[in-house]
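Visitor: curious how this folds, go ahead:
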Amino acid sequence: MDVLSDAIAAMRLGQPTTSRLCTADRDWCTRLSPYEGAGFHIVLRGSCWVLPDEGEPVLLGTGDAVLLPHGTGHLLSDGPADTRAGSRAIPFEQWYARREPETSSGTARFEVLCGKYRLDERGRHPMIAELPNLIHLPARVGDHVELRAAVDLLGREVDRRGPGSCIAVPSLLDLLLVYMIRAWMAESSTGVWPAVLGDPVTAAALRALHTDPAAPWSNESLAAETGVSRATLTRRFTALVGRPPMGYLTWWRLTRAAALLRDTTDPLSAIAGRVGYANPYAFSNAFKKEFGAPPGRYRENHPGAA
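Guide: Residues are numbered from 1 along each chain as shown. Model (predicted):
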């Protein structure tokens, strides 16, 4: 797998969810509380304001998308002022239950597609950690064609709910998350990870480590894989990623092991082998050092999808 796919897979819990909200009101405001995961809104009709608990209000027009990668609490509102305290905000679940039966998409002044991903912050990859609290992706013509196509497909699928929707909708939501993060990386001028993946040596090393993390990698074999000297690889990788190649590999193996402990019922010995530990005792010791608990106890405390 590639780095972004792995970064998302290591955090994801359960299935993503989505809902479509419509209102004909001229004066409305709803609040979404902070949550452990990521959320998005895509405006299908009209315009609205997003007011995050921390940060400046953002105006969304028709076709605009906004991603909140860290589950930041926020308001959706018809206006930018006098709503930050939430004095007239209705909790999201209550507002949705009250508004949806009253308004069809044909009579709505405002329509938005909302979604949520459950993510386990304990498995957070630094690529995800560096995302800002709010990512605004304006609907500029010609920009991010794949993202726009995914939005269109998802909107139609949510409307029709035809045969196979139970598979199609979660798959499109996963695709949408990837495309939104890709769009941010393509436009970011300050992020570390766009620079990491833009460096051919470091990107090649990460691709090798993520493709086969259980392989008996060493600095020498990884340098040979990337076509540079060991010193060059170590210097460039450490400067960009923030830790040396073997340190990153150890962290990633244990992060993958944590996800496997949560999401599968595989025995510990099998998980140890899948992440590159021939000796289950060595795996257990390394895991406890990283997560503060042995693998068996971690599984008991974090059942996850399994």
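Visitor: what's near enough to touch the residue of the chain most remote from its centre?
Guide: In the chain, S229 marks the outermost C-alpha relative to the chain mean, sitting 34.1 Å out by Cα atoms, centre = their mean. Taking Cβ atoms under 8 Å, 6 or more residues apart in numbering, we find S229 in contact with A223. For every residue, glycine as well, the C-beta is placed using N, CA and C.
Visitor: if we go to 10 Å?
Guide: By Cβ atoms under 10 Å, 6 or more residues apart in numbering, the contact list for S229 reads 219-220, 223, 235.
Visitor: farthest pair within those?
Guide: Considering Cβ to Cβ, no two members of the contacts of S229 lie farther apart than E220 and R235, which are separated by 15.0 Å.
Visitor: more crowded one of these two?
Guide: R235 (14 against 11; other Cβ atoms under 10 Å).
Visitor: ok, the more buried one - contacts?
Guide: Taking Cβ under 10 Å, 6+ apart as the contact definition, R235 lies against 201, 228-229, 244.
Visitor: what pairs with the helix or strand containing Y117, and is each one parallel or antiparallel?
Guide: With elements delineated by DSSP states H and E, Y117 resides in strand 110-118, which encompasses its position. Strand pairing for strand 110-118, determined by DSSP bridges: strand 17-23 (antiparallel), strand 37-45 (antiparallel).
Visitor: and L76, bridged to which residues?
Guide: T30, V50.
Visitor: contacting residues around it?
Guide: By Cβ under 10 Å, 6+ apart, the contact set of L76 is 21, 28-32, 41, 43, 48-51, 60, 66, 83, 89, 92, 95, 110, 112, 114.
Visitor: what's the pLDDT at it?
Guide: As summarised for this prediction, L76 has a pLDDT of 89.
Visitor: separation between it and T234?
Guide: When Cβ to Cβ, to the nearest Å is applied, the distance between L76 and T234 equals 47 Å.
Visitor: can you name the element that comes right after the strand holding Y117?
Guide: With elements assigned by DSSP H and E, the helix or strand that comes after strand 110-118 is helix 126-129.
Visitor: how deep is the residue nearest to R230 when sequence neighbours are not counted tucked in, by neighbour count?
Guide: In space, R230 comes closest to A223 once its chain neighbours are excluded; the distance is 4.4 Å by Cβ to Cβ, 6 or more residues apart in numbering. A223 has 20 neighbours, counted by other Cβ under 10 Å.
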